[in-house]
Structures are given as C-alpha cells and as structure tokens.
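[1] A predicted structure for the sequence below; I have some questions about it.
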Amino acid sequence: PAGGARGGGGELPPNLVLDDPSVLLPPPRAPKLAPFGTKLPTNDAPTSVDVFAWDGDGSAPLRRAPLHPSVFGVAIRADVLNEVVRWQRAKRRQPQRTKTISDVAGSGKKPYRQKGTGAARAGNKRAPQRHGGAKAHGRKLRSFEFSLNKKYRAMGLCIALACKAREGNLYVVDDVSVPSGKTRELVAGVSP
C-alpha cells in the first residue's frame, strides 16, 4: 500500500485537526508598564498652552503660548520614564553604616592574659561579642546609584513634560512674584 503501516492518503486524524489555526500563533506582547502603575496618556500632543496671571483669579488665561514639538511632541515611552524614575530614586537612598571593630573607640590591647584567670580567652575589648564592642556583620556603606546617559535623562524629562501636557496638567504662569516673600502666600496661590 502507498501509505505503509500508518495508513494512506496523507490525511490527519480528526483529533489532530484544528478548527482555528490562529491558536498556534504566539500571544501578542503586552505593553510595558508605566512606572508605579500609572496610566500614560494616548491622545495627541497639544501645540499650545494657556498662560495665566499669578495674582489673578485664574479663570481667564492671558494668552496662549506655543509648545515646542521637540519637547512636547515626543512619543510616550514608558520604559524610558521608568528607567529615569528608578535612577532618581536610587540617588536619593540614604545609606546606613555601623561600626566595625576597627571603628569602635577603645584599645586593641589584650585585656588579660590567655590562661590562668578562669575567664574565657579574649583578645580585644571591642570584639563583637563584648559589651560596647563592634557590630558583627552590620550594615555597610553602599551606594545604589547607577549611571544614566545625559541624553537619556533629557529624553525622560521631555516624556514627563509631554505626559503632563497631554493630560492637561501643564500650567504656565506669566510671572511669579510674592511681594511679602512668604511661602504661605505662594502655596495659597498654587493650591486649587
């Protein structure tokens, strides 16, 4: 026979025939998440923004200011924004440090002789197991910083500004002048 022991005709058994062959395709790639679960805007970039007076009531804008497309017209990239935010947060971390045996104040002299006192042998008054001694395996001074290229950081700033503009949260003020110089008045002017 033409098919041999397996049978002929070249047809597949009914349990191996797929109704929908698209199930064999790889699943679509999920978009990268924005930093810290925020949703990024998808609308078009604005070309201008309202300019308000600082001492006014804030209801009527003075004029419209154009937005430069090289800053506010960039594509929103969550990966760049996430990396720049990680870079900023890693720089702000405060390292902690404990004192090792070489940092603790005190003599390095052997406190008493090795044998004949009945006490456990001791070689240093500032050993970790003694009162007033060092911290064994304590926290060390370490930096979590990593470098990021200047152009990459600038691109992250442009993306953040573009996000603010597309969300409608970009406010431009004509002149910020607080006659008394008090922060309280500045906060009152900024607060809604």
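    Great, that's in hand. Numbering: from 1, shown residues only.

[2] quick one: pLDDT of the residue nearest the centre of the chain?
    What sits nearest the mean C-alpha location of the chain, by Cα atoms, centre = their mean, is residue 86, with 2.6 Å. The model reports residue 86 with a pLDDT of 92.

[3] in which helix or strand does it reside?
    Using DSSP states H and E, residue 86 maps to helix 78-92.

[4] so what touches the helix or strand following that helix?
    For helix 78-92, the succeeding helix or strand toward the C-terminus, using DSSP H and E, is helix 150-167. With Cβ atoms under 8 Å, 6 or more residues apart in numbering as the test, helix 150-167 has contacts from 40-41, 43-46, 49, 67, 70-74, 76-77, 80-81, 83-85, 87, 170. (Each C-beta comes from the backbone N, C-alpha and C, glycine too.)

[5] low-confidence ranges in this protein?
    The chain contains residues with pLDDT under 70 at 1-9, 29-39, 55-59, 191-192.

[6] count the neighbours of residue 62 for me.
    14 (other Cβ atoms under 10 Å).

[7] distance-wise, check it relative to residue 178.
    Between residue 62 and residue 178 the distance is 18 Å, computed by Cβ to Cβ, to the nearest Å.

[8] and for residue 105?
    Distance from residue 105 to residue 178, by Cβ to Cβ: 50 Å.

[9] who has more neighbours, those two?
    residue 178 (14 against 7).

[10] and the more buried one, what does it touch?
    Contacts of residue 178 (Cβ under 8 Å, 6+ apart): 185-186, 189.

[11] that one belongs to a strand?
    No - assigned with DSSP: H, G, I helix; E, B strand; the rest coil, residue 178 falls outside any strand and is coil.

[12] please begin residue numbering at 803 from this point
    In the new count, where the first residue is 803, that last one comes out as residue 980.

[13] over to it: give its phi and psi.
    Dihedral angles of residue 980 (phi, psi; degrees, to the nearest 10) stand at phi -110, psi 110.

[14] residue 924 now?
    Listed backbone geometry of residue 924 is phi -140, psi 140, with angles given as degrees, to the nearest 10.

[15] and the spatially closest residue to residue 906 that is not a sequence neighbour, how many neighbours?
    Nearest residue to residue 906 in three dimensions, chain neighbours excluded: residue 928, at 4.4 Å (Cβ to Cβ, 6 or more residues apart in numbering). Look at residue 928: counted by other Cβ under 10 Å, it has 18 neighbours.
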